[in-house]
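Engineer: predicted model and sequence follow; I will ask about them next.
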Number of protein chains: 2
Amino acid sequence: MAERWATFGIDLHLDPRGPGLRRGLTDALREAVRGGRLAPGTRLPSSRSLAADLGIARNTVADAYADLVAEGWLTARQGSGTRVADRAAPGRPAAAPTPRRTPGRLPYSLMPGTPDLASFPRAAWLRATRRALAAAPHDAFGYGDPRGRPELREALAGYLSRVRGVRADPEHVVVCSGFAHGLRLLCEVLRARGARTLAVEPYGLDVHWALVRRAGLETVPLARDDLGTRAGDPGDADAVLLNPAHQFPLGGALRPERRAAVVEWARRTGGLILEDDYDGEFRYDRQPVGALQDLDPGRVVYLGTASKSLAPGLRLGWMVVPPWLLPDVLAHGGGRTVSVVEQLVLAEFLSSGAHDRQVRAARLRYRRRRDALVRALAERAPHVRVTGIAAGLHAVLELPPGTEQAVQRAAVWQGLAVKGLDFFRHPGVTDPAGDALVVGYATPPDHAWNGTLEALLRALP
Amino acid sequence: MAERWATFGIDLHLDPRGPGLRRGLTDALREAVRGGRLAPGTRLPSSRSLAADLGIARNTVADAYADLVAEGWLTARQGSGTRVADRAAPGRPAAAPTPRRTPGRLPYSLMPGTPDLASFPRAAWLRATRRALAAAPHDAFGYGDPRGRPELREALAGYLSRVRGVRADPEHVVVCSGFAHGLRLLCEVLRARGARTLAVEPYGLDVHWALVRRAGLETVPLARDDLGTRAGDPGDADAVLLNPAHQFPLGGALRPERRAAVVEWARRTGGLILEDDYDGEFRYDRQPVGALQDLDPGRVVYLGTASKSLAPGLRLGWMVVPPWLLPDVLAHGGGRTVSVVEQLVLAEFLSSGAHDRQVRAARLRYRRRRDALVRALAERAPHVRVTGIAAGLHAVLELPPGTEQAVQRAAVWQGLAVKGLDFFRHPGVTDPAGDALVVGYATPPDHAWNGTLEALLRALP
């Protein structure tokens, strides 16, 4: 038998009586193609003749050929038999691929917006994955409810009620692919209902404003004063997007009388409040700042995310939607973008207490960093005032007037990537808030923290 | 010490000299609240007085209180001290939740569109998750490339080239949340470029047409004749959406001369072809039908999905985008909706060979079902012609004229959910293709297959 196979140059080592005959034949042929022993274009014997050679059933050979055709290793065409595929060295297109861009990255970063990625709880996440995969019913792997898996909506409703004071019924929770996805969905819904303008905080993220504009809404910045955003007066906007618990990037909490005023505005005008609660888990002082949604769940959409408490790469977010708005949200696609496996893992993570543990550990580490930052500034840059530090993952360092650009350049010289406050200013804001740096102190991994802090201190005036 | 704690009714079992003091205190208090021994509203002693009672540092108590405030078990307000939170029984909103709708589900289903969900490879997926989580660099957990993880784009490019003949450069692969998400993204891009109409197959899925309309494009059905969709003549449409390898639901492959004609149309008019290759892995005959994209990667967007080869619940899809169109696709959000963990797991699944094994096993099982279906029909319903069976997860059963509705009703009486062909007809089609059932033979779990087939046979005329 080995002699006959010599026409292929393959040593088959097949046991024609074993149960794994078809698989063995398939594997051996695949390896021969992959390894180059069967060159592209080589014509294989007919299944009838090979079966006769090997003394096995013709179907076994035909099945093995069919598997390899379907996998792309072989081709079969009427009249020209079965051949090794031309593209037998897979993966590379004819054209040379574009070289990967590797921008000159700086060694240190205090860019705000991400937690310490090195502390993602890989082992706990894997344990939750094991339990979630074992417990999932078969039909969980289907298309499913556009709001998301019931296990996760139930776990989120409990968690948000307990930790953030959100009035959340699992029936009105919609799982989505992070905050930006939820915001886009809501803007599409608002636009379809005839809305034109969304009032936004005067400082925020340009990527969010761009996304709102793409959905067909104009963004209009709210006014601000010494007490923060004047959220109570969105004028004739159709809706308003706010960070009531911790403004990004300025860092304050929305004052109680302004919370009440914006809810009153929404009730009076039929407007909608979009509450972006991006880092509500991270408060360092004992004064809790609950969700604004609690004041009127009929006029507020609450939006949360795992991007700060776990990692942005999970692309996991959630909304608590007023019942009257839910049909529109679902008609626009709802949350049908998130893997059910990941949804079940997060549900398990929340209900097992692993999420509380992760947040507690992260909060402790970030608070220590915040305290170290504040202490170091008091010692070495006492003229720099720090604000916005009661919560979250970033602080605002107020700089002498006219120095923001120069300090950013000095930071680059120190190998440090950091953003100035002006980057976050809405183009419609005409009275800027003064020079400052927005320092994301959660960003560096632990081992780089001391070096990063030192680079910052050296860059300050 | 235990005596003093009696005011709480808690037995603390604390070792004030141990390293886990803060955690022990936090855990004990949390359990007391959770278990109801500390009732909502109960005022706790000040951290100073409790610390003195326990003979430990005041900070330890304050930290434990702060943790529990942040977790929502306690509240702390200026002037009223620390209390047990009112919502200490978390999870349930004040209003009674809407009762879950449990529609009267039929015991058997041949609804097309899903693989057998019971055969999702949970163990292999978990193994791939373990390896992916162990190997991922820290920065994988950040916001990342809008096209998706490079590991997955590389693995997909190799796989699609090998199995489907797609000319795929990893630089032009965009990961997305399944076919529908990719289609919506492309329609938004087309609309922003001024497109008005998308030509579609005369039979297809209404949810896709609705999604196209929401993105601002009109859908216009292509004509068809005995040889299938007349894809070569999209008229003055701006783009055309096709299933070249296996039409859904009619089941044929687009004929070579029509493939050439539609590519010629695209070149001549600047039109774009969207190739929906939803079940390209499942061919049962040896004649391979490669991707249309191979004819002109500059005029075709190739779209694939894991919904049929693995499970719809993964919400995983991919596009191979012409280089000139890529910036627009990324400007509209690209694929930033898919968990990096899941992307890395699929990359591992593809490159380890687990995906090939899964598809091979599924193909064998589905082919056996298809063969059993064809045999059973030949025996017991010889007047019913079966078509579209060379590939995929469904077959078309041609019925006597005027019987489609009646057969569907008869199926319901047999406990069987199945769709008639007319459900899939585009509203613009005026010459219907005749009465038929679209039978998704991959849908039932193995244990239900025989009963399902029997129910179908009993429902047929």
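Structural biologist: Here it is on my side, so go on.
Engineer: only C-alpha atoms from now on, for both contacts and neighbour counts.
Structural biologist: Fine.
Engineer: what ranges do the helices span in the stretch 201-350 of chain A?
Structural biologist: For the stretch 201-350 of chain A, applying DSSP state H, counting those that start in this stretch gives helices covering A:206-214, A:256-269, A:326-331, A:340-351.
Engineer: of the ones you listed, which is nearest A:Arg43?
Structural biologist: helix A:340-351 (43.5 Å; C-alpha to C-alpha).
Engineer: touching that closest one from outside, list them.
Structural biologist: A:124-125, A:128-129, A:131-133, A:136, A:140-141, A:148-149, A:151-153, A:155-156, A:159, A:355-356, B:313-315, B:339, B:342 (C-alpha atoms under 8 Å, 6 or more residues apart in numbering or on different chains).
Engineer: how about a cut-off of 6 Å?
Structural biologist: A:Ala128, A:Thr129, A:Ala132, A:Leu152, A:Ala155, A:His355, B:Gly313, B:Leu314 (C-alpha atoms under 6 Å, 6 or more residues apart in numbering or on different chains).
Engineer: most neighbours among those residues, which one is it?
Structural biologist: A:Leu152 (27 neighbours; other C-alpha atoms under 10 Å in any protein chain shown).
Engineer: might you enumerate the residues of the stretch 151-300 of chain A proximal to chain B?
Structural biologist: The stretch 151-300 of chain A comes close to chain B at residues A:Ala157, A:Gly158, A:Ser161, A:Arg162, A:Val163, A:Arg167, A:Ala168, A:Asp169, A:Ser177, A:Arg286, A:Gln287, as judged by C-alpha under 6 Å from any C-alpha of the partner chain.
Engineer: tell me how far the third one lies from B:Arg77.
Structural biologist: Separation of A:Ser161 from B:Arg77 (C-alpha to C-alpha, to the nearest Å) stands at 18 Å.
Engineer: higher neighbour count, those two?
Structural biologist: A:Ser161 (24 against 11).
Engineer: now the strand or helix carrying the more buried one against helix A:340-351, angle please.
Structural biologist: A:Ser161 is part of helix A:150-164 when elements are defined by DSSP states H and E. Put simply, helix A:150-164 runs at 40 degrees to helix A:340-351, going by axes from the mean of the first three to the mean of the last three C-alpha atoms, to 10 degrees.
Engineer: quick check: buried residues in helix A:150-164?
Structural biologist: A:150-164 (16 or more other C-alpha atoms under 10 Å in any protein chain shown).
Engineer: now it: how far from the chain's centre is it?
Structural biologist: 19 Å (C-alpha atoms, centre = their mean, to the nearest Å).
Engineer: and stretch A:258-267, by the same measure?
Structural biologist: Centre to centre, stretch against its chain (C-alpha atoms, centre = their mean), the figure for stretch A:258-267 is 31 Å.
Engineer: list the contacts for the residue nearest in space to the middle of chain A?
Structural biologist: Nearest to the mean C-alpha position of chain A, by C-alpha atoms, centre = their mean, lies A:Arg315 at 2.6 Å. Neighbouring residues of A:Arg315 by C-alpha under 6 Å, 6+ apart: A:Ser177, A:Gly178, B:Thr337, B:Ser339.
Engineer: and the lengthiest helix in chain A with helix A:150-164, angle?
Structural biologist: Using DSSP state H, we find that the single longest helix of chain A is helix A:354-380. Interaxial angle, helix A:354-380 versus helix A:150-164 (the same axes, to 10 degrees): 40 degrees.
Engineer: mind listing what's buried along the helix or strand hosting A:Val189?
Structural biologist: Using DSSP H and E, A:Val189 sits in helix A:178-192. Applying a neighbour-count criterion of 16+ other C-alpha under 10 Å, one finds A:178-191 buried in helix A:178-192.
Engineer: ok, stretch A:385-403 next?
Structural biologist: Here stretch A:385-403 shows A:386-399 as buried, counting by 16+ other C-alpha under 10 Å.
Engineer: what's the closest of these to A:Ala378?
Structural biologist: Distances from A:Ala378 to the buried residues of stretch A:385-403, taken as C-alpha to C-alpha, are shortest for A:Val386 (9.3 Å).
Engineer: helix, strand or coil for A:Thr114?
Structural biologist: coil (DSSP: H, G, I helix; E, B strand; the rest coil).
Engineer: residue contacts, it?
Structural biologist: Neighbours of A:Thr114 in contact, by C-alpha under 6 Å, 6+ apart: A:Thr443.
Engineer: domain ranges for chain A?
Structural biologist: As given by automatic domain parsing, the domain ranges for chain A are A:2-91, A:108-114+A:357-459, A:121-355.
Engineer: A:Gln322 - nearest residue in space that isn't next to it in sequence?
Structural biologist: No Gln there; residue A:322 is Pro. Once flanking residues are discounted, A:Pro322 sits nearest to A:Gly298: 4.9 Å by C-alpha to C-alpha, 6 or more residues apart in numbering or on different chains.
Engineer: is it true that the one you found touches A:Pro323?
Structural biologist: No. Counting by C-alpha atoms under 6 Å, A:Gly298 does not reach A:Pro323; the two are 7.3 Å apart.
Engineer: contact partners of stretch A:270-278?
Structural biologist: Applying C-alpha under 6 Å, 6+ apart, the contact partners of stretch A:270-278 are A:238-243, A:266, A:299-305.
Engineer: out of the residues you listed, which are buried?
Structural biologist: Buried among the contacts of stretch A:270-278 (16+ other C-alpha under 10 Å): A:238-243, A:266, A:299-305.
Engineer: tell me which of those fall in strands.
Structural biologist: Among the buried ones among the contacts of stretch A:270-278, the members found in strands (DSSP state E) are A:Ala239, A:Val240, A:Leu241, A:Leu242, A:Val300, A:Val301, A:Tyr302, A:Leu303, A:Gly304, A:Thr305.
Engineer: distance of the residue nearest to the fifth one when sequence neighbours are not counted relative to B:Tyr284?
Structural biologist: Setting aside the residues directly before and after it, A:Val300 is nearest to A:Ile273 in space (C-alpha to C-alpha, 6+ apart), at 4.6 Å. Per C-alpha to C-alpha, A:Ile273 is found 54 Å from B:Tyr284.
Engineer: more neighbours, those two?
Structural biologist: The residue with more neighbours, out of A:Ile273 and B:Tyr284, is A:Ile273; 26 against 22, by other C-alpha under 10 Å.
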